[in-house]
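[1] Structural data only, the sequence is not supplied:
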């Protein structure tokens, strides 16, 4: 096609193009005018939700701080009460033991004048009974062991006695008494228990 044959757009065509551009611009403006309020509404809702969550988090944090402070005060109160209870318990025990100490003083005073061993022995027995009674009132009890079946929960066997006459595992001697405090073991009793003679030990005895 030659230059002469080139088609020159008419004014009507240009007007048509312009009108299309105007329509597109109008549509774009309308679209933006519809989108912007929606975006603003979404942003507002999101901000409100975030503010709500932030307030809930702050409330939880404040509650946690209050609970922590309450628990700390509770621990201090319990520690103080336990300390006061311990002092009262010690005071009560000392009050019960003072008469025992008084009787020791009396026994020593009498022992200087009365040298009869029987009297001294009786005095010691009486003082021991007073001491035992004082401990019982505090919840301390002696573990009865002699003649009993060995119990690993309250006994500690430190010696054995071989025998053919008695049942195996019977306490035949107490080296140190065991005690409980309100059914809780303070210390086990150290004991000697029976043990069945083995054939080897019988042969050794005959030899």
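    Here it is on my side, so go on. Because the structure is a prediction, the values reported are computed rather than measured.
[2] From here on, just use CA atoms for contacts and neighbour counts.
    Will do.
[3] all strands for the chain, in order.
    For the chain, the strands defined by DSSP state E cover 140-142, 155-163, 171-176, 179-181, 184-187, 189-196.
[4] By mean pLDDT, point me to the weakest helix or strand of this structure.
    helix 199-206 (a mean of 54; mean pLDDT, DSSP states H and E).
[5] ok, residue 92 - how many residues close by?
    Residue 92 has 14 neighbours, counted by other Cα atoms under 10 Å.
[6] and what of residue 113?
    8.
[7] roughly how far apart are it and residue 189?
    According to Cα to Cα, to the nearest Å, residue 113 stands 37 Å off from residue 189.
[8] can you check residue 102 too?
    29 Å.
[9] repeat for residue 96
    Residue 96 sits 25 Å away from residue 189, going by Cα to Cα.
[10] Could you do residue 72 as well?
    The spacing between residue 72 and residue 189, counted by Cα to Cα, is 42 Å.
[11] which one of the two has more residues nearby?
    residue 189 (24 against 12).
[12] for the more buried one, what are its contacts?
    Each residue near residue 189 by Cα atoms under 8 Å, 6 or more residues apart in numbering is listed here: 143, 145, 154, 155, 156, 174, 175, 176, 177, 178, 179.
[13] 7 Å instead, please
    154, 155, 156, 176, 177, 178 (Cα atoms under 7 Å, 6 or more residues apart in numbering).
[14] Which two of those have the greatest separation?
    Farthest pair in these (Cα to Cα) is 154 and 176. Separation: 12.0 Å.
[15] Which one's more surrounded, these two?
    More crowded of residue 154 and residue 176, by other Cα under 10 Å: residue 154, with 18 against 12.
[16] which one is that one nearest to, not counting chain neighbours?
    residue 188 (4.7 Å; Cα to Cα, 6 or more residues apart in numbering).
[17] any idea how far the one you found is from residue 124?
    25 Å.
[18] more neighbours, those two?
    Taking other Cα under 10 Å, residue 188 and residue 124 do not tie; residue 188 has more neighbours (19 against 15).
[19] Verify the stated contact: the more buried one with residue 178.
    Yes: under the contact definition of Cα atoms under 7 Å, residue 188 touches residue 178, with a separation of 4.5 Å.
[20] Okay, now the unreliable bits of this protein?
    1-43, 199-207 (pLDDT under 70).
[21] domains in it, as residue ranges please.
    70-138, 141-207 (automatic domain parsing).
[22] What does residue 146 show for phi and psi?
    phi -60, psi 130 (degrees, to the nearest 10).
[23] Tell me who's in contact with it.
    Shown in contact with residue 146 (Cα under 7 Å, 6+ apart): 171, 172, 173, 174.
[24] Quick test: name the residue nearest the centre of the chain.
    With distances taken as Cα atoms, centre = their mean, residue 75 lies nearest the centre of the chain, 12.9 Å away.
[25] Quick check, residue 143 in contact with residue 181.
    No: assessed by Cα under 7 Å, residue 143 is found out of contact with residue 181, at 10.4 Å.
[26] winner for burial among the strands of the chain?
    A comparison of the strands of the chain by mean neighbour count, using mean count of other Cα atoms under 10 Å, puts strand 189-196 on top with a mean of 22.
[27] neighbouring contacts of stretch 72-91?
    Outside stretch 72-91, not a single residue reaches it (Cα under 7 Å, 6+ apart).
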